[in-house]
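>>> Have a look; sequence and predicted model below, questions after that.
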Amino acid sequence: MRELEKNTENESVGESWIDKIKDFTTAIWDDISQNFEHKFSIKENIESPESIEKIRNAFSFYKNEILPLILENPKVTQQKEWYHWLYTHTQNVVFRGICYAVSMGKDPIPVVFACACHDLARTNDVYNEEHWPNAVPIVLDIISNEKFNLSDEQKKRIIEAVRDHTIWRKASNYVSACLRDADRTRLSWEHGYNEKFFNTEQWKIISSWNREKFLKFQNFCMNS
């Protein structure tokens, strides 16, 4: 404290302190912008023909390219008797995650990987904090396949999204935001929504629909 006081006494009065305040506030704003990626705002209407085409293509990529690798991976512990099964919960999370990514004008493919892999290491249907870090080796198996040609940054975001998808804090990138909101959307339908647990603006719209309306939209996109 004495050293700080000494430095303050020696500081020239006027512009130097103003400049320091400007630099400080600029640094804070830059940090907020980087961490929240402009609040994951809506750029596209997911019900437009162009968006529906993007959604269908991304979901087809999941079914034809990713799902077969998951089914043949011996490390996967998800069981079909559970709620969190590939063809029920996971499939729905993948679809919703794609919708959220498309709504932001973002590439949905990294989101598809994250959503497809987020529960692969589950050993039951109850809440536990082991299934998400245990899924990381399975994620690495899948995203390391050379045919996908994912960048290091994409791989990093996919792994972070899976590893952190149960954490109750704001997402640091759009892949995490889409996975978290896609995984929790059903909770907002069942229990009402609490904005602090969600990240994307599109989630607010989807949550305002009833479950039947969204499933109708999902079936239209998946089966047409």
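Received the coordinates, thanks.
>>> Which residues does stretch 58-77 contact?
Here stretch 58-77 makes contact (C-beta atoms under 8 Å, 6 or more residues apart in numbering) with 86, 94-95, 98, 101-102, 108-109, 112-113, 116-117, 120-123, 137-138, 141-142, 145, 147-148, 221-222. The way it works is simple: take the backbone N, C-alpha and C, and place the C-beta from them, glycine included.
>>> which of these are buried?
86, 94-95, 98, 101-102, 108-109, 112-113, 116-117, 120-122, 138, 141-142, 148, 221 (16 or more other C-beta atoms under 10 Å).
>>> lowest-confidence helix or strand of the protein?
One helix or strand of the chain scores below all others by mean pLDDT, DSSP states H and E: helix 2-10, with a mean of 37.
>>> Walk me through the domains of this protein.
Listed by automatic domain parsing, the domain ranges of the chain are 1-40, 42-223.
>>> State the distance spanning the first to the last residue of the last one.
The distance separating the two terminal residues of domain 42-223, taken as C-alpha to C-alpha, to the nearest Å, comes to 25 Å.
>>> quick one: average pLDDT of it?
Domain 42-223 shows a mean pLDDT of 85.
>>> re the thing from before, mind checking which of the contacts of stretch 58-77 are in helices?
Per DSSP state H, helices hold the following members of the contacts of stretch 58-77: 94-95, 98, 101-102, 109, 112-113, 116-117, 137-138, 141-142, 221-222.
>>> Which single one of these is nearest to Lys156?
Lys156 lies nearest to Phe113 out of the ones in helices among the contacts of stretch 58-77, by C-beta to C-beta, at 11.9 Å.
>>> How about that closest one: what's its closest non-neighbour residue?
Nearest residue to Phe113 in three dimensions, chain neighbours excluded: Ile158, at 4.8 Å (C-beta to C-beta, 6 or more residues apart in numbering).
>>> The one you found: how many residues sit nearby?
29 (other C-beta atoms under 10 Å).
>>> Can you name the helix or strand that it falls in?
Assignment of secondary structure by DSSP states H and E places Ile158 within helix 152-163.
>>> What are the buried residues along that helix?
154-155, 157-163.
>>> Could you do stretch 170-185 as well?
Applying 16+ other C-beta under 10 Å to stretch 170-185 flags 170-185 as buried.
>>> Return the subset of these lying in strands.
Judged by DSSP state E, strands contain none of these.
>>> Identify the farthest-apart pair in those.
Longest span within the buried residues of stretch 170-185, C-beta to C-beta: Ser172 and Thr185, 20.0 Å.
>>> ok, residues contacting stretch 180-192?
92-97, 99-100, 111, 115, 118, 161, 165, 171, 193-194, 197-200, 202-203, 206-207, 210-211.
>>> Just the buried ones from the residues you listed, in PyMOL syntax?
Here is the PyMOL command that selects the buried residues among those (16+ other C-beta under 10 Å):
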select buried, resi 92+93+94+95+96+97+99+100+111+115+118+161+165+171+193+198+199+200+202+203+206+207
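>>> was I right about the residue nearest to Phe113 contacting Ile109?
No: with contact defined as C-beta atoms under 8 Å, Ile158 does not count as touching Ile109 (9.6 Å).
>>> Give me the nearest residue to Phe54, chain neighbours excluded.
No, residue 54 isn't Phe; it's Lys. Nearest to Lys54 is Val102, by C-beta to C-beta, 6+ apart, at 5.0 Å.
>>> if we can go back for a sec, CA atoms only for the helix holding Ile158 - export them in PDB, please.
Extracted in PDB, the C-alpha atoms of helix 152-163 (Å, rounded to 0.1, in the frame of the first residue of the first chain):
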ATOM      1  CA  ASP A 152      -7.500 -27.900 -33.700                       C
ATOM      2  CA  GLU A 153      -9.800 -25.100 -32.500                       C
ATOM      3  CA  GLN A 154     -12.900 -27.100 -33.500                       C
ATOM      4  CA  LYS A 155     -11.600 -30.100 -31.600                       C
ATOM      5  CA  LYS A 156     -10.900 -28.000 -28.500                       C
ATOM      6  CA  ARG A 157     -14.400 -26.500 -28.500                       C
ATOM      7  CA  ILE A 158     -16.000 -29.900 -28.900                       C
ATOM      8  CA  ILE A 159     -14.000 -31.400 -26.000                       C
ATOM      9  CA  GLU A 160     -14.700 -28.300 -23.800                       C
ATOM     10  CA  ALA A 161     -18.400 -28.500 -24.600                       C
ATOM     11  CA  VAL A 162     -18.700 -32.200 -23.600                       C
ATOM     12  CA  ARG A 163     -16.500 -31.800 -20.600                       C
END
